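Participant: Provided below are the primary sequence and the corresponding predicted coordinates.
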Amino acid sequence: MTGNPTGPTHARVDQWVWATRLAKTRSLAAKAARAGHITINGERAKPATQVAVGDRITVRIGEVWRDVEVSAIITKRVGAPVAVTCYIDHTPPPPTDAAPPMPRRDRGAGRPTKRERRQLDDFLGRRH
């Protein structure tokens with residue numbers, strides 16, 4: 001989807017981030033902008049900062065970083081298949097050397113013994 005010639009040419013960054021489903025709520029997008037977690041072309045953005053087609057936006061919501069380029073301006077929230085056509089995602093893939101999965105106990109095995117708790121604490125780096 002490209003910019004609609006009869007549609008808007010600019011939108012508020014908090015509204016656009018919410019409409020493209022990069023943030024779950026508009027207030028969460030505005031809060032992220034006020035906290036400095038949204039940048040437009042490398043500059044910190046306030047919630048009312050205008051975005052246009054071609055702008056590069058970096059968004060951090062929680063622990064998730066997204067780096068996107070605006071390809072269409074929308075101001076109303078749309079379905080996910082339509083939302084992904086409004087930006088080009090430049091977010092690097094997550095690292096493959098992620099932390100090993102947490103060990104799981106068999107169901108019904110009861111509480112861990114003191115020795116098992118020590119081993120788990122050593123594994124997680126909680127003991128000194």
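Facilitator: Arrived safely, thanks for sending.
Participant: tell me which residues of stretch 12-30 are tucked away?
Facilitator: Buried residues in stretch 12-30, counting neighbours by 16 or more other CB atoms under 10 Å, are found at 12-23, 26, 28-30. Glycine gets a C-beta too; all of them are placed from N, C-alpha and C.
Participant: correction: stretch 72-87
Facilitator: Of all the residues in stretch 72-87, those buried under the rule 16+ other CB under 10 Å are 72-74, 83-84, 86-87.
Participant: Dead centre of this structure: give me the residue that sits there.
Facilitator: residue 64 (3.9 Å; CA atoms, centre = their mean).
Participant: Could you give the bridge partners of that one?
Facilitator: For residue 64, the beta-bridge partners are residue 61 (DSSP bridges).
Participant: Quick check: it vs residue 58, distance?
Facilitator: Distance, residue 64 to residue 58, by CB to CB, to the nearest Å: 12 Å.
Participant: Out of the buried residues of stretch 12-30, which comes closest to residue 119?
Facilitator: residue 28 (39.4 Å; CB to CB).
Participant: which intervals of the chain have sub-threshold pLDDT?
Facilitator: For the chain, the stretches with pLDDT under 70 are 1-6, 97-100, 102-103, 128.
Participant: What segments of it are strands?
Facilitator: All strands of the chain, identified by DSSP state E, fall at 11-12, 38-40, 43-44, 50-51, 56-61, 64-70, 87-89.
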